[in-house]
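> sequence and computational prediction follow.
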Amino acid sequence: MSIPPPSADPFYAPDDHVGRPGELLRSRRVEIKIDTEATAWQVVYTSTDSLDRPIAVSGTVLVPSAAWPGTGPRPILGYGVGVHGLGRDTAPSHLMRSGTEIEITLIELALARGWGVAVTDGEGLGMPGPHTYGAGRSGAHAMLDIVRAATGLDGGPVAGGPVLVWGYSEGGRYAAWAAELQPSYAPDLDLRGVAAGGVFPDLRAAVKAIDGGPFSGLGLAVLVGLAHAHRDPALGAILSESGRAAAARAATLDVTGLIVEFPEPMHHHTVRENPWDEPVWRELLDREKNGRHAPGAPLYLYHVADDALVPTHLGRELFADYTALGAEVTWAEVRAEEHLSGAFAGAPDAVEWLAGRLAQGLH
């Protein structure tokens, strides 16, 4: 059976009624090939963007078919994937259904524990894009709100049960933001623990580190994503005429396309030699930093030792920032060849740590 991409699927059409954060707008049962027998739904739900405006976001909810063997309600895990790209058709919900989502093996680690799993697509993936890549508040809101929305499903997790959050790379950044924002944005959620791996907490430092290297295209993705998230024309004003054309093209691509088509240093697309030092961008990237608010639940930070894509020292600095705020935070370094493989190498320990938070029943 041919599965239409989100751009050709009415299920992902814009929704005029968005309602309150976490409201389930629509859902449908789908088949997803996984080892753990589970019921799966694609969902569209209400969340909040970087400017605190209501938006519709899509995602997937999976609930194991077997009864929860533990005490109390079945836990639910909010999961965020790593970078997929900017084009809406790279949505995890579509890739999971079509059998091409590489992170499904990580999601299965949680399902095997008996947990429900709610996987957000994030703003602008699935639903009309481009994806707001790098926008911390929007990413965190989407992770927290899909957990709320999941409880509205017939046969889904019940409200009031224990909640966990997990993600790596882009998903790890949003997981850390979710830990910071949950006390004010979603105090109704019984958040027990957050695992955040490969986090790039300081976007300005991260994009400068990759500029001119093999992942330069991700810098252009940050520019497109944040400019769309914050809707400030001054953010796009640093683009040259050819840079505007590049940004329009980038907005349609998956992560491989971004890396292959845009290997040039960032200044190739801009009217300034050092675009990230422009006042409007310096101020925005400063606001987008993690580590300004203490997480509302215990946090497990893990990072590849000698990570060439997301410098390891950025993760250590975030650990220090959270520790200084009095947070309960654990730091772990992962032995892996590079950033992407660290997602898989670090996953078993991350899930084990999350399971420990449930066992302790701590907040």
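Thanks, I have the structure now.
> quick one: low-confidence parts of the stretch 201-350 of the chain?
Counting by pLDDT under 70, not a single residue of the stretch 201-350 of the chain qualifies.
> please enumerate the helices of it.
Applying DSSP state H, counting those that start in this stretch to the stretch 201-350 of the chain gives helices spanning 203-210, 216-230, 233-236, 241-250, 255-261, 279-287, 312-324, 339-345, 347-360.
> between those helices, which gets nearest to Ala297?
With CB to CB, the closest approach to Ala297 among those belongs to helix 347-360: 7.8 Å. In short, each C-beta sits where N, CA and C put it, glycine included.
> list the buried ones in the closest one?
With burial defined by 16 or more other CB atoms under 10 Å, the residues of helix 347-360 counted as buried are 347, 350-351, 353-355, 357-358.
> same check, this time on stretch 97-106
Buried-residue list, stretch 97-106, by 16+ other CB under 10 Å: 97, 101, 103-104, 106.
> what's the farthest-apart pair in the residues you listed?
Farthest pair in the buried residues of stretch 97-106 (CB to CB) is Arg97 and Leu106. Separation: 17.0 Å.
> picking up where we left off before, nearest to Leu218 among the buried residues of stretch 97-106?
Relative to Leu218, the closest of the buried residues of stretch 97-106 is Glu103; by CB to CB it sits at 17.6 Å.
> redo the buried residues of helix 347-360 as a markdown table? Include distance to Ala324.
Converted to a markdown table, those look like this (distance: CB to CB, whole Å):
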| residue | distance to Ala324 |
| --- | --- |
| Ala347 | 28 |
| Ala350 | 23 |
| Val351 | 28 |
| Trp353 | 22 |
| Leu354 | 24 |
| Ala355 | 28 |
| Arg357 | 22 |
| Leu358 | 27 |
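> tell me the one of those nearest Pro75?
Looking across the buried residues of helix 347-360 and measuring by CB to CB, the closest to Pro75 is Leu358, at 5.8 Å.
> with adjacent residues omitted, what lies nearest to the residue most central in space within the chain?
Centroid-nearest residue in the chain, with CA atoms, centre = their mean: Gly171, separated by 3.2 Å. Among residues not flanking Gly171 along the chain, Gly80 sits closest, at 3.0 Å (CB to CB, 6 or more residues apart in numbering).
> same check on Ile107?
Nearest residue to Ile107 in three dimensions, chain neighbours excluded: Val117, at 5.5 Å (CB to CB, 6+ apart).
> still on that earlier bit, residues contacting the residue nearest to Gly171?
119-120, 122, 139, 142-143, 165-168, 170-172, 174-175 (CB atoms under 8 Å, 6 or more residues apart in numbering).
> look up phi and psi at it.
The phi and psi values for Gly80, taken as degrees, to the nearest 10, are phi -120, psi 130.
> what's the answer for Thr48, then?
Phi and psi for Thr48, reported as degrees, to the nearest 10, are phi -130, psi 130.
> how near is it to Ala56?
Counting by CB to CB, to the nearest Å, the gap from Thr48 to Ala56 is 11 Å.
> tell me the pLDDT of Leu362.
With respect to pLDDT, Leu362 has a value of 40.
> where exactly do the strands run in the stretch 51-200 of the chain?
54-64, 76-80, 116-120, 162-168, 190-197 (DSSP state E, counting those that start in this stretch).
> highest average neighbour count across those strands?
strand 116-120 (a mean of 31; mean count of other CB atoms under 10 Å).
> give me the helices and strands touching that strand, please.
Contact here means 3 or more CB pairs under 8 Å, 6 or more residues apart in numbering; DSSP states H and E; on that basis strand 116-120 packs against strand 54-64, strand 76-80, helix 92-98, helix 104-111, helix 136-150.
> mind putting those in JSON lines, distance to Arg26 included?
Output for the helices and strands packed on strand 116-120, formatted as JSON lines (distance: least, CB to CB, whole Å):
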{"stretch": "strand 54-64", "distance to Arg26": "9"}
{"stretch": "strand 76-80", "distance to Arg26": "19"}
{"stretch": "helix 92-98", "distance to Arg26": "13"}
{"stretch": "helix 104-111", "distance to Arg26": "22"}
{"stretch": "helix 136-150", "distance to Arg26": "10"}
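> how about a markdown table for the ones you listed, with distance to Thr330 and mean pLDDT added?
Listed next are the helices and strands packed on strand 116-120 as a markdown table, based on distance: least, CB to CB, whole Å; pLDDT from 0 to 100:
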| stretch | distance to Thr330 | mean pLDDT |
| --- | --- | --- |
| strand 54-64 | 27 | 97 |
| strand 76-80 | 18 | 98 |
| helix 92-98 | 27 | 97 |
| helix 104-111 | 18 | 97 |
| helix 136-150 | 20 | 98 |
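> out of the contacts of Gly80, who's nearest Thr256?
Glu170 (14.9 Å).
> show me what contacts the closest residue to that closest one other than its chain neighbours?
Leaving aside its sequence neighbours, Glu170 sits nearest to Val83 (CB to CB, 6+ apart; 4.6 Å). The contact partners of Val83, taken as CB under 8 Å, 6+ apart, are 133, 169-170, 218, 221, 255.
> per-residue pLDDT, Val83?
96.
> how far away is it from Pro54?
In terms of CB to CB, Val83 sits 25 Å off from Pro54.
> again, but for Gly212
39 Å.
> if we can go back for a sec, and the residue nearest to Glu170, its phi and psi?
Val83 adopts backbone torsions of phi -60, psi 130, taken as degrees, to the nearest 10.
> alright, I will stop here.
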